[in-house]
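J.: Got a sequence here, can you build the structure:
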Amino acid sequence: MAEQPVKRRYDAARRREGAAERRRRIVEAARQRFTAQGFALTTVAAVAAEAGVSPETIYKSFGGKAGLVRAIWQSALAGVGPEHAERRADAVAASAGTGAEIVEGWLRLALEVAPRATPVLALIRSAAEVDPEARGLLEEIEGGRAERMLHNARALADGGHLRPDLSLEAARDLLLAFSGDLYERLVLRAGWDAEDYVATMTRMMAAALLRQP
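T.: Below you'll find the model as predicted:
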């Protein structure tokens, strides 16, 4: 009898691991399908077949196509490190570094996230032009991005790094602009080297956002 609790904990752990692996498989299959075919042409049935699950499983877990894209976006934001990229960004902000060092740290994390997130955001923006569900998802994502950039602006202000003449809202707007299309335009389209991108963007962001010595 004493062995039963151990076995139940073991079985529960295996179920959680199985569910996490199944979710990872579904999200990856969805990412590949949406990237290759776009939002309109991708079906839940096709994603389910590629992931080896039933369409009902996807509807139950994600709610449909918009839920799948939301999961892809959230996976992209996590980055590829062992800890979520946003938590690592908070750790950078809490460090004893200068404002420029914090900005540079954020940019290096962005280099990890952007290759995964940029195509997803482009997909959602394109789908939002014709699909009301995708339009709602885009509004949700843009709202989340604005909230995150306001969080980062507060971190700069709390550390004494933000320009005294810059409001938190203005800093948020600048951070959104810097985290927007510049990576796609400079790195993906123009072929900039990653280190050149980080160095240039650090100078630009420091001049726009940070208290000058």
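
J.: Can you pull the domain assignment for this protein?
T.: According to automatic domain parsing, the chain comprises the domains 1-63, 83-213.

J.: Can you give the distance from the first one to the centre of its chain?
T.: The chain centroid and the centroid of domain 1-63 are separated by 20 Å, computed with Cα atoms, centre = their mean, to the nearest Å.

J.: quick one, what contacts the residue at minimal distance from the centre of the chain?
T.: Using Cα atoms, centre = their mean, the residue of the chain that lies closest to the mean C-alpha position is L77, 2.0 Å off. Contacts for L77 were tallied using Cβ atoms under 8 Å, 6 or more residues apart in numbering; they are H84, A85, E86, V113, A117. (C-beta placed from N, C-alpha, C; glycine too.)

J.: mind running it again at 7 Å?
T.: When the contact criterion is Cβ atoms under 7 Å, 6 or more residues apart in numbering, the partners of L77 are A85, E86, V113, A117.

J.: in the helix or strand where V120 lies, what counts as buried?
T.: Taking DSSP states H and E as the criterion, the element that holds V120 is helix 99-128. Using 16 or more other Cβ atoms under 10 Å as the burial criterion, the residues of helix 99-128 that qualify are 99-100, 102-111, 113-114, 116-121, 123-124, 127-128.

J.: With stretch 189-198 instead?
T.: By 16+ other Cβ under 10 Å, the buried positions in stretch 189-198 come out as W192, Y197, V198.

J.: would you list these in a markdown table and tack on secondary structure and pLDDT?
T.: Shown next, in a markdown table, are these (DSSP: H, G, I helix; E, B strand; the rest coil; pLDDT from 0 to 100):
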| residue | secondary structure | pLDDT |
| --- | --- | --- |
| W192 | coil | 96 |
| Y197 | helix | 96 |
| V198 | helix | 96 |
